[in-house]
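> After the sequence you'll find the predicted model.
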Amino acid sequence: MNEDDVGGQEPTRGMSRRAMLGWLGAAAVGAGLGAGGLEIARRVDPADGSTSRADDTIEFFGPHQAGITTPPPAALVFAAFDVTTGSRSDLSDLLRIWTDAAARMAAGKRLPGAFEIPGQSPVDTGETQGISASRLTVTFGFGPSLFEQHGEDRFGLAANRPGPLRDLPPFPHDDLDPARSGGDLCVQGCAEDSLVAFHAIHDLTKLAKGVAQMRWMQRGFGQASAVGAHQPTPRNLMGFKDGTNNIRDDDIRDLNRHVWVHEGPPWIHGGTFLVARRIRMRIERWDASELSEQESVIGRRKISGAPLGHVREFDSVRLGDVGVDGTPTIPSDAHIRLAAPSRNGGERILRRGYSFADGVDAEGRLDVGLFFLAFQRDPFRQFVPINGGLAVHDALNEYIVHTSSAVFAIPPGIRPGEFIGRGVV
Ligand code: HEM
């Protein structure tokens, strides 16, 4: 067997459709096989390597994909992929395989197939054997280019493209790296253990061989937004609490109004759209600025997180308050004033970003910042206008620059036996 033999069933070059179907056969996870399929998989690989307890696994199946309203765990590995095949059925097989592999990993199980056979390349890359699921979530999405690229309907999917799934417009001061932007598919892996998050992306990349190739990857740490109702607000690398005024997982009304999609092609109903922006911080400049400047830029106190003019983190933001000299307590160019729903037609977004630290540049400046991830019902009604205002007026612009950009449709969740993207491919 050569190293490209994914299913351990037959030697192939890369991941041919036959090899993928071999995997499907081995794992018996095709749509409709459901619990019976898992039983066969157990026979193929009796010791499934499960090491997890109920309290460290997040359910993979459900009406929405995990990793959106799930309180963010410590680590993120996010990857975008280009589809390299022209075959729609290869794409569909890949999504079935990815779905099955993700469900297994989220349950703390290893991938089925050869593991103890010296002559075969193990399906599971193995680095998390003995480590628990660590609250792993794996979330999949589809980029606009999957449906249409340079006017070409590559897979006959154009009629299925939801209206809001379009490339974002350029914004003033963007300095985007095309090699780190866009993508046909995305996979967001989040876990308490960064090795577990990486392993998910590693194995899915391996399984995609011959069908999709990784385009870019971003690692994140120290969740930079609170999503859980009872989650303490974390801090971003500027030292400010981030996510105080976020949509939280128990905000059912706002989730339905601002996050879950109810319109467009049926396959996206119950899904959402993800905007990903890698925002580099000019951290040395920020670190040298005075505390009062930092607090004016954000519009909140650094340590307590309270809006300026108030004392507690969750005190309401009163944009009309003025000081004794008649100037607004929250400055006119403060970040939270410009991002406030009242300035943006009542629109809100669910922010679920992570901090990143990618070393230093040639001048010795830290390449760190916020990998901004925001889920929403329609980026052109939400992110685009909000960021349009921020990009022009936000005092924070002196200290940040957007270096990558991508948008993805995130399909809804599934039941066992179904696969992510059913109804699309
Ligand atoms: C590195 C870039 C950014 C940093 C450091 C940052 C930081 C913050 C901080 C500290 C807060 C206050 C706490 C909170 O309510 O969460 C905040 C609020 C907010 N930010 Fe950002 N942010 C950044 C980029 C963005 C972008 C690109 C958007 C959207 C286009 C955005 C949208 C918001 C919104 C909607 C709020 C809540 C405003 C409110 O309702 O009070 N932020 N941000």
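All right, it came through fine.

> State the distance from the residue of the stretch 1-150 of the chain found nearest the ligand to Ala229.
Closest to the ligand within the stretch 1-150 of the chain is Pro72: 13.3 Å, counting by CB to the nearest ligand atom. C-beta here means a position set from N, CA and C on the backbone, and glycine is covered the same way. Distance of Pro72 to Ala229, computed by CB to CB, to the nearest Å: 13 Å.

> quick one: which of those two has more around it?
The residue with more neighbours, out of Pro72 and Ala229, is Pro72; 26 against 11, by other CB atoms under 10 Å.

> Skipping adjacent residues, who's closest to the more buried one in space?
Gln223 (3.9 Å; CB to CB, 6 or more residues apart in numbering).

> and that neighbour, what element?
Following DSSP states H and E, one finds Gln223 outside all helices and strands.

> For it, which residues are in contact?
Pro72, Pro73, Ala74, Leu76, Pro234, Arg352, Gly353, Tyr354 (CB atoms under 8 Å, 6 or more residues apart in numbering).

> Rebuild these as a markdown table, extending it with secondary structure and pLDDT.
Shown next, in a markdown table, are the contacts of Gln223 (DSSP: H, G, I helix; E, B strand; the rest coil; pLDDT from 0 to 100):
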| residue | secondary structure | pLDDT |
| --- | --- | --- |
| Pro72 | coil | 95 |
| Pro73 | coil | 95 |
| Ala74 | coil | 96 |
| Leu76 | strand | 98 |
| Pro234 | coil | 95 |
| Arg352 | coil | 98 |
| Gly353 | coil | 97 |
| Tyr354 | strand | 98 |
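
> re earlier: just checking, the residue of the stretch 1-150 of the chain closest to the ligand touches Ser355?
No: counting by CB atoms under 8 Å, Pro72 sits too far from Ser355 to count as a contact (11.2 Å).

> what does the stretch 101-250 of the chain have sitting close to the ligand?
Asn236, Met238, Phe240, Lys241, Asp242, Gly243, Thr244, Asn245, Asn246 (CB under 6 Å from any ligand atom).

> of those residues, closest to Leu319?
Asn245 (12.2 Å; CB to CB).

> Would you mind measuring from His230 to Asp249?
9 Å.

> now do Asp193
Applying CB to CB to Asp193 and Asp249 gives a distance of 22 Å.

> hey, which helix or strand in the chain has the poorest pLDDT?
helix 34-44 (a mean of 31; mean pLDDT, DSSP states H and E).

> quick one: contacts for the residue of the stretch 1-150 of the chain closest to the ligand?
Cys190, Gln223, Ser225, Val227, Arg352, Tyr354.

> Ranking by neighbours, what's the top pick from the residues you listed?
Neighbour max across the contacts of Pro72 (other CB under 10 Å) = Cys190, 31 neighbours.

> did I read that right, that one in a helix?
No: under DSSP: H, G, I helix; E, B strand; the rest coil, Cys190 falls outside any helix and is assigned strand.

> Please list all residues in contact with it.
Gly67, Thr70, Pro72, Pro73, Ala75, Leu76, Arg135, Leu136, Thr137, Thr139, Ala197.

> Next, the contact list for Phe140, please.
Taking CB under 8 Å, 6+ apart, one finds Gln65, Leu95, Trp98, Thr99, Ala102, Leu185, Cys186, Val187, Ile410, Pro411, Ile420, Gly421 in contact with Phe140.

> go with 6 Å
Val187, Ile420 (CB atoms under 6 Å, 6 or more residues apart in numbering).

> And it, how far from Pro169?
25 Å.

> Any stretches of this structure with poor pLDDT?
1-51, 114 (pLDDT under 70).

> Val261 contacts Phe375, correct?
No: Val261 is beyond contact range of Phe375, at 10.3 Å (criterion: CB atoms under 6 Å).

> Looking at these two, which is more packed in?
More crowded of Val261 and Phe375, by other CB under 10 Å: Phe375, with 28 against 21.

> Spell out which helix or strand contains Glu295, please.
Going by DSSP H and E, Glu295 is in helix 291-298.

> Quick one: residues in contact with that helix.
Taking CB under 6 Å, 6+ apart as the rule, helix 291-298 contacts Phe240, Arg301, Lys302, Pro331, His335, Ala395, Leu396.

> Could you rerun that using 7 Å?
Phe240, Arg301, Lys302, Leu308, Pro331, Ala334, His335, Ile336, Ala395, Leu396 (CB atoms under 7 Å, 6 or more residues apart in numbering).

> what does stretch 315-325 give?
Asn245, Ala306, Pro307, Gly309, Pro328, Thr329, Ile330, Ile336, Arg337, Ala340, Ser342.

> Let me know the closest of those residues to the ligand.
Asn245 (3.4 Å).

> okay, now that closest one: neighbour count?
20.

> ok, it - contacts?
Applying CB under 7 Å, 6+ apart, the residues contacting Asn245 are Val317.

> Okay, it and Pro341: tell me how far apart.
9 Å.

> His150 too?
37 Å.

> more crowded one of those two?
Neighbour count, other CB under 10 Å: between His150 and Pro341, Pro341 has more, with 15 against 6.

> Just to check, the more buried one is in contact with Glu347?
Yes: between Pro341 and Glu347 there is a contact under CB atoms under 7 Å: 6.2 Å.

> follow-up on the earlier one: could I have the PyMOL command that selects the buried members from the contacts of stretch 315-325?
In PyMOL, a selection of the buried entries from the contacts of stretch 315-325 looks like this (16 or more other CB atoms under 10 Å):
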select buried, resi 245+306+307+309+328+329+330+336+337+340
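
> Show me what counts as buried in stretch 86-105.
90-105.

> Also stretch 181-201?
Here stretch 181-201 shows 181-191, 193-194, 196-201 as buried, counting by 16+ other CB under 10 Å.
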